[in-house]
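Asks: Dropping the sequence and predicted coords here.
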Amino acid sequence: MAEGARAAVMIMMMAMAAATLVSVASAIQGTATFYTPPYVPSSCNGFQNDGVMIAAASDAIWNNRAACNKRYSVRCTGATNAGVPHPCRGGSIVVKIVDYCPPGCQGTFDLSQEAFAMIADPNAGKIQIEYTEV
């Protein structure tokens, strides 16, 4: 490989590593719970069927409906209780905010049951998460 090409590859690898660090550093910590169907009507979209990759937002991000229809990448990072000490299944999901989780909400996000089950064991009930708007 020519010296110029080798330098370009090294620069690209360093840029990718830096981008990964920036995305990890910008993730916000929170918690997630889940709710079960029916998912309509929703606070944001009434009787529109938004599928199952959805969530209700707590006051932490609701902002008087400004969170409606925003999408968030959510990743399980750990347990909130000893009942299920290792609830995470790995990976992340993207959910659309379609509802409001009122005061007293037990999580930053109240995920649909299906979305929660993709990243964690539902028996945990509540998990630690990292999330970013996408």
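Replies: Received, thanks.
Asks: Mind telling me what element the residue nearest to the spatial centre of the chain is part of?
Replies: Residue closest to the average C-alpha location in the chain (Cα atoms, centre = their mean): residue 74, at 1.7 Å. Assigning secondary structure by DSSP states H and E places residue 74 in strand 71-79.
Asks: From the rest of the structure, what touches that strand?
Replies: Strand 71-79 is contacted from outside by 27, 29, 32, 55, 85-97, 109, 111, 115, 119-120, 124, 127-134, using Cβ atoms under 8 Å, 6 or more residues apart in numbering. Using the backbone N, CA and C atoms, a C-beta is placed for each residue, glycine as well.
Asks: Which is the succeeding secondary structure element to that strand?
Replies: strand 92-100.
Asks: how distant is the next helix or strand after that next one from the center of its chain?
Replies: Sequence-wise, the next helix or strand downstream of strand 92-100 (DSSP H and E) is strand 109-112. With Cα atoms, centre = their mean, to the nearest Å as the basis, strand 109-112 stands 9 Å off its chain's centre.
Asks: I'd like the mean pLDDT over strand 109-112, please.
Replies: Averaging pLDDT along strand 109-112 gives 97.
Asks: Pairing partners for it, with directions?
Replies: Partners of strand 109-112 in the sheet, by DSSP bridges, are strand 28-35 (parallel), strand 54-57 (antiparallel).
Asks: got CSV for the ones you listed, with mean neighbour count, mean pLDDT and distance to residue 101 too?
Replies: CSV is the format used below for these (neighbours: other Cβ atoms under 10 Å; pLDDT from 0 to 100; distance: least, Cβ to Cβ, whole Å):
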stretch, mean neighbour count, mean pLDDT, distance to residue 101
strand 28-35, 18, 96, 8
strand 54-57, 27, 98, 4
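Asks: Let me have the ones you listed in a markdown table, adding distance to residue 48 as columns.
Replies: A markdown table is the format used below for the strands paired with strand 109-112 (distance: least, Cβ to Cβ, whole Å):
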| stretch | distance to residue 48 |
| --- | --- |
| strand 28-35 | 17 |
| strand 54-57 | 11 |
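Asks: Between those strands, which one is closest to residue 43.
Replies: Nearest of the strands paired with strand 109-112 to residue 43, taken as Cβ to Cβ: strand 54-57 at 7.8 Å.
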